[in-house]
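Undergrad: Generate a structure from the sequence data that follows.
(chains A and B)
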Amino acid sequence: MSNKQSGSHRHADVLVTDPDLPPVAVDPQQAEAEDRRWTPAKIALWVGIALLGGVSWTILAIVRGETVNAIWFVFAAVCTYLIAYRFYSKFIERNLLKPDDRRATPAEYKADGKDYAATDRRVLFGHHFAAIAGAGPLVGPVLAAQMGYLPGTLWIIIGVIFAGAVQDYLVMFFSMRRGGRSLGQMAREELGVIGGTAALVATLTIMIIIVAILALVVVNALGESPWGVFSVSMTIPIALFMGVYLRYLRPGKVTEVSLIGFVLLLLAIIGGGWISETAWGVELFTLDRITIAWGIIIYGFIAAVLPVWLLLAPRDYLSTFMKIGTIVMLAVAIVITRPEISVPAVTEYATTGAGPVVAGTLFPFLFVTIACGALSGFHALIASGTTPKMIEKERQTRFIGYGGMLMESFVAIMALVAALSIDRGIYFAMNSSAAATGGTIEGAVAFVNGLGLTGVNLTQEALSTMATNVGEESIVSRTGGAPTLAVGIAQIMQGVFGGAGMMAFWYHFAIMFEALFILTAVDAGTRVARFMLQDSIGNFVPRFRDTSWRTGAWICTAIMVAGWGAILIMGVTDPLGGINTLFPLFGIANQLLAAIALAVCMAICAKRGLFKFLWIPALPLAFAAVVTITASFLKIFSPTPAIGYWAQHTAFRNALDAGEESFGTAKTVAAMEAVVRNTFIQGTLSIVFVVLSIIVIATAILATIKAYRQGGGPGAEDAPTASRIFAPAGLVATPAEKDLEAQWSALEPGKRPARSGH
Amino acid sequence: MTVPDVLHRARDTARELAWLFKGVMGENAYQTYLDHHERSHAGGDPMTEREFWRDRTDRQDANPEGRCC
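TA: Sure thing, here's the model as predicted:
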């Protein structure tokens, strides 16, 4: 392969396209010229975007009045994304990836009309976005809001530009060049057996911890909430109905059945409101968190062994439908209501690390608390799987990979705005663990006012009014981020539709929306992990490879469910509060996966001989590595019990040895024993994660050095095939692309080769 | 622009949006399959719509797709 070419449109000269067809790629010179032609209108547009972005950042970061309007977050984010997309992602395309539209994508040369099917770029953007965006970007920013609005905003926006979107784009591109291979397969090819195995083990453990913590978020949102329990559990019969409808009544009518499902979902939310006002309803649906956790564990097992058509596929349709609808609705509502935000730009918790929501200082804990939205390793699993098999043209990866992640980042910004718009006192009352507030209104008021935050004066009345407004018994210590976001969304939405009387509806709508995402992720995650486990065990016991072997499937599902179920139960019963001790593990796990993905990308770039631009993946890799390793070391070695798992472990163990019967927030010997056990597991997981990440990064660095010495290395790309289709690269077709589209549509239908979409 | 023009435009945009939405939901998968079948001149009849959707979910059973957090 020649590495001497430059420019995003230069072509390897080995490919000869069909001379009877119109060109399958825009002429490189013409495209370059179009890119470089700066008309006055174009200059004015970009200067305008830059100015608006600059003003917004100035208002957020420097001009600090009493309050700041939420609209500036939207402008700062959107303008910065546009500039990054137009200039930085183009820079990566031109210098590092060098896509060649004359090369057929797997969707073309492996086309089977099913898994490998060229899909219109705008449709695929939606698909990909629906697959990557979940509850993650909605939860992390809410928890990080305790450090003020500025650190979270800066990290979400800068992080996505230089790390998150780069990772998604690179992984998607390299997977596409390899026929849609998975991250695990690429890691094995590029990093060898040791690196590849470490990556596989890391991926499995990471999936377990991520599913467990997501499930914990749902449990915390539904605990002692009859309304929530009723409406979320109704999603199961609704999904079953949709599954049967699609299988037997009207196959393929996906939009129709999703609309029916959506209406039923609304009825379930409204019905939940009625039921929560009846005595029998309250008695039947008020469940404690341990019961709900067991419910989710049993549900997770059943959902993962049932056929996909019955539960998983319809739930996924419903979740996609809700996701797109609610995100658009929330964006519109924020622009219309433009809430004023009175949270300081940076709070003292950024430096003291004593925040009650998640312990730890800004570095490194901000960067692990907000994972999704800025940098999410989990995306690498999606970007190297389904999506690359459906890409029509190579140059579209920039729009779908980089652009898709910018979109998720914007969702995180909206979640941050929603969380920031609620009263700070209420925010801390909701997010401090029950161990701190005692779970009572009086306890919460005493605790929050005792934090000594300027401008925060929480009253019992404020808490009980808010609880009544959102239709809950109490909102004290509703940790996990989801309920806080739901209050924020309810406050914003009631400003547009329905007023205060509708707040309870919107609150439960938001809870439903998050629970739906999470339960879909729990099902799908368990299933994916089960297949990975079956594949791994298959190396020793070949029979496990056969995925249709029921016993094997059941055993592996049970192992995975037991894995995340144990951590979930541990989180629910944790005397120290659960989410605030476990959430850092979630972020560390996710960033670790990102480090693995970026390490693989760096090794691939090195083998392509692109050392001059190796910093593009190396920079975010270095950052993710420093963050995960520092955070892990603090979790392992910190002498502060609130931060270090082992410090906490030793403190409780010593107390037990000294014969004490209560220690800190653990009021009984059994609770103290639970802390000793939990911190042992959490501490061990931290060690496992950091060891695995160091192995993977080290093997990637070795592979890179080896490639540097040899001036490149053997590539694992599929052999290039000439493309026979054309499609524009970005959202809007350029003049040159429009010209080619016209030539293609003038072809007689019989001569026109593969193309789907329209 | 005249009123009919505007209406025409609006209808086109609405159609385009509906097409996009259905695409994102995955509704046009069967059409994609039929198009592919026709173009690839593979022998035999294509699956019926009912068969196709059954086959699709059965394949998902064996190849799970991840959903992100």
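
Undergrad: Which residues of the stretch 151-300 of chain A lie near chain B?
TA: A:Ile210, A:Leu214, A:Leu246, A:Arg247, A:Pro251, A:Gly252, A:Lys253, A:Val254, A:Thr255, A:Ser258 (C-beta under 8 Å from any C-beta of the partner chain). (C-beta placed from N, C-alpha, C; glycine too.)

Undergrad: which of the residues you listed lies closest to A:Ile382?
TA: Of all these, A:Ile382 sits closest to A:Ile210, with 13.1 Å by C-beta to C-beta.

Undergrad: Give me the neighbour count for residue 54.
TA: No chain in the question, so chain A it is. 13 (other C-beta atoms under 10 Å in any protein chain shown).

Undergrad: wrong one, chain B
TA: 16.

Undergrad: do A:Val328 as well
TA: For A:Val328, the neighbour count with other C-beta under 10 Å is 10.

Undergrad: Tell me the spacing between it and chain B.
TA: 11 Å (C-beta to the nearest C-beta, to the nearest Å).

Undergrad: quick revisit: restricted to helices, list the residues of the stretch 151-300 of chain A next to chain B.
TA: Counting by DSSP state H, these place A:Ile210, A:Leu214, A:Val254, A:Thr255, A:Ser258 in helices.

Undergrad: Which residue, neighbours along the chain excluded, lies closest to the residue most central in space within chain B?
TA: Nearest residue to the geometric centre of chain B (C-alpha atoms, centre = their mean): B:Asn28, 1.1 Å. Leaving aside its chain neighbours, B:Asn28 sits nearest to B:Lys22 (5.8 Å; criterion: C-beta to C-beta, 6 or more residues apart in numbering or on different chains).

Undergrad: quick one, what contacts that neighbour?
TA: Applying C-beta atoms under 8 Å, 6 or more residues apart in numbering or on different chains to B:Lys22 gives the contacts A:Val254, A:Thr255, B:Asn28.

Undergrad: got TSV for those residues, with pLDDT too?
TA: As requested, those are arranged in TSV below (pLDDT from 0 to 100):
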residue	pLDDT
A:Val254	93
A:Thr255	92
B:Asn28	88
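
Undergrad: Least confident secondary structure element in chain A?
TA: None of the helices or strands of chain A scores lower by mean pLDDT, DSSP states H and E than helix A:28-36, at a mean of 85.

Undergrad: Show me what the next helix or strand after it is packed up against.
TA: Scanning forward in sequence from helix A:28-36 by DSSP states H and E, the next helix or strand is helix A:40-61. Applying 3 or more C-beta pairs under 8 Å, 6 or more residues apart in numbering or on different chains; DSSP states H and E, we find helix A:40-61 packed against helix A:71-83, helix A:149-159.

Undergrad: 10 Å instead, please
TA: strand A:68-69, helix A:71-83, helix A:149-159 (3 or more C-beta pairs under 10 Å, 6 or more residues apart in numbering or on different chains; DSSP states H and E).

Undergrad: so of these, which one's packed in deepest?
TA: Of all the helices and strands packed on helix A:40-61, helix A:149-159 carries the top mean neighbour count, a mean of 23, counting by mean count of other C-beta atoms under 10 Å in any protein chain shown.
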